[in-house]
Structure formats: C-alpha cells, structure tokens
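S.K.: Below is the sequence, then the predicted model.
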Amino acid sequence: MKTSRYWVAAMALLLTGCTSVVTGAASVDQGELRQYQDDHAPLTAQRALGDLTTVDYCSLLDLNGARQADATGVGSTTTSPNYCFAEGNFGGTRVEFGLGYLEVAGTDSGRITDLAKTLPRGLVAQRSTSGDPDSCVRYLRFADEFSLQVYVDEQLGGQGRKSPTIPTKHRCRWQNTVTPDVLTITFDVGPQPTGPTEALAGRQTSIEGGAGLTYCVATTAVGPDPGSTNGNYRLAQVYTLLRRGGTDPCVPVRALANIVWPKLPAA
C-alpha cells in the first residue's frame, strides 16, 4: 500500500507540472539552424559549391593529393569556365587529371552507380560505362541530381577528351535516349588549335577523330582570351560520341559546325 501511495503522489506531481502554462513564443537561433542544415542536410550542389554558374573548379583540385598518390612532375592547373586540370606522370605514363563539367546526372546514360562506394548525405559515386582503356572517369552525384566529373586521361598526342557533359551556360548537349549517342556544342578557353585544319563556314577548323573511331571534335578559335595570362584562346567546339560505333562521327559534326560557326563573333 505504501508503494501505491508513492506512485499516486508521483503522478500527481507530474500532472501538476504538465498543467503549468509557459507564456511567450519559442525562439530558434536561425544561425544555428542554418549551420545544422549545412552539416547534416542532404548535400546539394549549390550547398556544396555555391553559385553553380561561377564555380572555381581549380579550388577543388588537390595537387598535393595527386602527389601523395605517387604522381610526379605535376604541373600547374589550367582553368576554364567548365573544368580545371593539370598534368603529371603516373607509373611512367603522362596523364591529364582534372574535374568539373557540372551537369544534371540523370541526362547521361553512360554511367552507373559504383556500389563499392557508399557516401553520406545523399551523395552517390558513379562510374563511366564507356570502357575506354585510356581514360578513367568517375562522377560525384549530389542530392539534387547534379554531378561533378573527375577524370584521368592518358595523353595520346592531343586526342580530344571523350566525356561530354552539360555545364551551365557554356555548353549544350543532345543525347539519343535509345543509342546513347551524344552531340555537344561547347564554348571554352584553351590553346589555339594546331595541326591540319579545314575551312568550315569560312573558319579554319581543326578536326580530331573520324571514320573508324567513335568520336569527332571540330574546334575553331574565336579569338584571344582577354583574361588569359598564358596565351589561351576562346574556343568553339562541336563534339560527337557514337557509343555503339556506326557511321563516320565527323559527318554530323561538320554539318552542325556549318550551322554554328556563322553565328560566332568574327575571329
């Protein structure tokens, strides 16, 4: 009986506390709330990178990390509105490594989830399905479906990179959802094209790739880049990738270049 009286008294005290009225409104520290969201909420591209139209990709490329991964002869970074890269030697092979090419991940069927890597906060690791022996491409997909590309390419005499993507305001891409073939227009910054050229719509154009290959790139220089300190040019490119092979990939590239080049500023 004594135990029962104790329980009754305890419940009375608890109920009395529950009936107390606290005046005023609850206050939430908005700064602490934002900090908590930044630290724990699903990681979107904007939360991680800020304004997606002005991403400084070179601020994300860790050259010291490359050196710690046994890269030697690592050079300085080269930046553009779409990506940042550097060159170095891995295992006696000269390679280009870099990152960038922010895009909506769902638009590229040439990638799959890398099940060997589990990431927090809604991040997903993806890998390319191209099977290119001279290139390793990985993607980091954010919680809002945007993705960042990370790549290492073996240097093969200036061969064009075979990994088209969709950056913001500097690139347009069309993809066949059946064959996953890709056609891309890019406006970028880089060295002036060298080697053999041909005239397309009155502009001297460098052509890489062609019959017997799965890709073709047409590049023309629009003019010197005013912000460049190493003599780079503003470039326009048309690129195609026929993932399953087929006809000469330079046929659609030349056709599209003949449409696009007349719309460019005078060189």
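M.R.: Okay, I see it.

S.K.: top strand in the chain by residue count?
M.R.: strand 93-104 (DSSP state E).

S.K.: Pairing partners for that strand, with directions?
M.R.: Strand pairing for strand 93-104, determined by DSSP bridges: strand 83-90 (antiparallel), strand 146-154 (antiparallel).

S.K.: what's the closest of those strands to D51?
M.R.: Of all these, it is strand 146-154 that lies closest to D51, at 12.8 Å by C-beta to C-beta. For glycine as for every other residue, the C-beta is placed from the backbone atoms N, C-alpha and C.

S.K.: quick one: the closest one to chain centroid distance?
M.R.: 6 Å (C-alpha atoms, centre = their mean, to the nearest Å).

S.K.: That one: which residues count as buried?
M.R.: 146-153 (16 or more other C-beta atoms under 10 Å).

S.K.: hmm, who's touching that strand?
M.R.: Here strand 146-154 makes contact (C-beta atoms under 8 Å, 6 or more residues apart in numbering) with 44-45, 52, 60, 83, 90, 93-105, 126, 134-142, 161, 163, 165.

S.K.: Now with 6 Å, please.
M.R.: Contact with strand 146-154 is made by 45, 93, 95-97, 99, 101-103, 105, 134-141, 161, 165, as judged by C-beta atoms under 6 Å, 6 or more residues apart in numbering.

S.K.: Only C-alpha atoms, please: export it in PDB.
M.R.: Provided in PDB are the C-alpha atoms of strand 146-154 (Å, rounded to 0.1, in the frame of the first residue of the first chain):
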ATOM      1  CA  PHE A 146      23.700  17.500 -60.300                       C
ATOM      2  CA  SER A 147      27.000  15.700 -60.700                       C
ATOM      3  CA  LEU A 148      30.700  16.600 -60.800                       C
ATOM      4  CA  GLN A 149      33.000  14.700 -63.100                       C
ATOM      5  CA  VAL A 150      36.500  13.600 -62.000                       C
ATOM      6  CA  TYR A 151      38.800  12.100 -64.700                       C
ATOM      7  CA  VAL A 152      42.300  10.900 -65.600                       C
ATOM      8  CA  ASP A 153      43.200  10.700 -69.300                       C
ATOM      9  CA  GLU A 154      46.300   9.200 -70.800                       C
END
